[in-house]
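In: got a sequence here, can you build the structure:
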Amino acid sequence: MQIDMDTVLKEDISERIQKVEKYNKIKFPQSYVEFIKEYNVGVPLTKCLPFDNNIFVVERFLGFVKDYQESDLGWYDIGVVLSQLFDRLTDKPNRVGDDIIPIAVLFAGNFVCLDFRNETAAEPEVCIWYHEESEEFAPVTRKVADTFEEFLAMLE
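Out: Just a heads-up that it's a prediction; the model follows:
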C-alpha cells in the first residue's frame, strides 16, 4: 500500500476516533485505527480496486480532521460525510448512529465503507456503498472483503 505522504494530515486524531466510535456504538478494527493514524485523509498511489469485473479507483481515504469547518480537507472528515449521508447509511430508522461507516472516496461518488451490520462478526466487512442506488433507510452495498487488511491487499 502506497500513499502520497504529502497529502496526509498529521495531527493527533485519537479523541476524534473515540467520539465517532462512541456516537455510532461501534469499535473500529485495530488495523484500521493504526492505518488511519498513519495515513489520515491520504491519497493512495496504490488506488485501483479490481472488483466485480470492474476497476474502482480510490480517490482518497477519509479520516478525521480536527478543524473540519476551516480546513480545505474538511470534506474528507468521516463525521462530515456521515452527516451528509446519515439516513442512507443505515437500514434501521430507529438506530442512533450509522451501521455503515465510509472510509474512502471512490471515483464517481461511491464510497468504500466498513459495514457493522453483522453484530456477530469479529470485524466489520468492507463494502462498496452505491450512492445512486441507495435511498433513505435502504443502503445498497456489495461486500468487497472480510477485513480491512484484506481490502488493502486488494489494491493495485
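
In: the helices in the chain, which residues?
Out: 14-24, 30-39, 78-85, 148-154 (DSSP state H).

In: name the residues of the second one that are buried.
Out: Spelled out, it's helix 30-39. Neighbour counts using 16 or more other Cβ atoms under 10 Å place 32, 33, 35, 36, 37, 39 of helix 30-39 among the buried residues. Quick note: C-beta positions are derived from backbone N, CA and C, even for glycine.

In: JSON lines please, covering those and showing pLDDT and distance to residue 94.
Out: Formatted as JSON lines, the buried residues of helix 30-39 follow (pLDDT from 0 to 100; distance: Cβ to Cβ, whole Å):
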{"residue": "32", "pLDDT": "98", "distance to residue 94": "27"}
{"residue": "33", "pLDDT": "98", "distance to residue 94": "28"}
{"residue": "35", "pLDDT": "98", "distance to residue 94": "32"}
{"residue": "36", "pLDDT": "98", "distance to residue 94": "29"}
{"residue": "37", "pLDDT": "98", "distance to residue 94": "33"}
{"residue": "39", "pLDDT": "98", "distance to residue 94": "35"}
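
In: what is the burial count for residue 101?
Out: 24 (other Cβ atoms under 10 Å).

In: contacting residues for it?
Out: Counting by Cβ atoms under 8 Å, 6 or more residues apart in numbering, residue 101 makes contact with 20, 24, 26, 28, 78, 82, 89, 113, 114, 116, 124.

In: and these as JSON lines, adding neighbour count and distance to residue 67?
Out: JSON lines is the format used below for the contacts of residue 101 (neighbours: other Cβ atoms under 10 Å; distance: Cβ to Cβ, whole Å):
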{"residue": "20", "neighbour count": "19", "distance to residue 67": "16"}
{"residue": "24", "neighbour count": "22", "distance to residue 67": "21"}
{"residue": "26", "neighbour count": "16", "distance to residue 67": "24"}
{"residue": "28", "neighbour count": "22", "distance to residue 67": "22"}
{"residue": "78", "neighbour count": "23", "distance to residue 67": "15"}
{"residue": "82", "neighbour count": "19", "distance to residue 67": "17"}
{"residue": "89", "neighbour count": "24", "distance to residue 67": "24"}
{"residue": "113", "neighbour count": "26", "distance to residue 67": "25"}
{"residue": "114", "neighbour count": "22", "distance to residue 67": "24"}
{"residue": "116", "neighbour count": "21", "distance to residue 67": "27"}
{"residue": "124", "neighbour count": "25", "distance to residue 67": "28"}
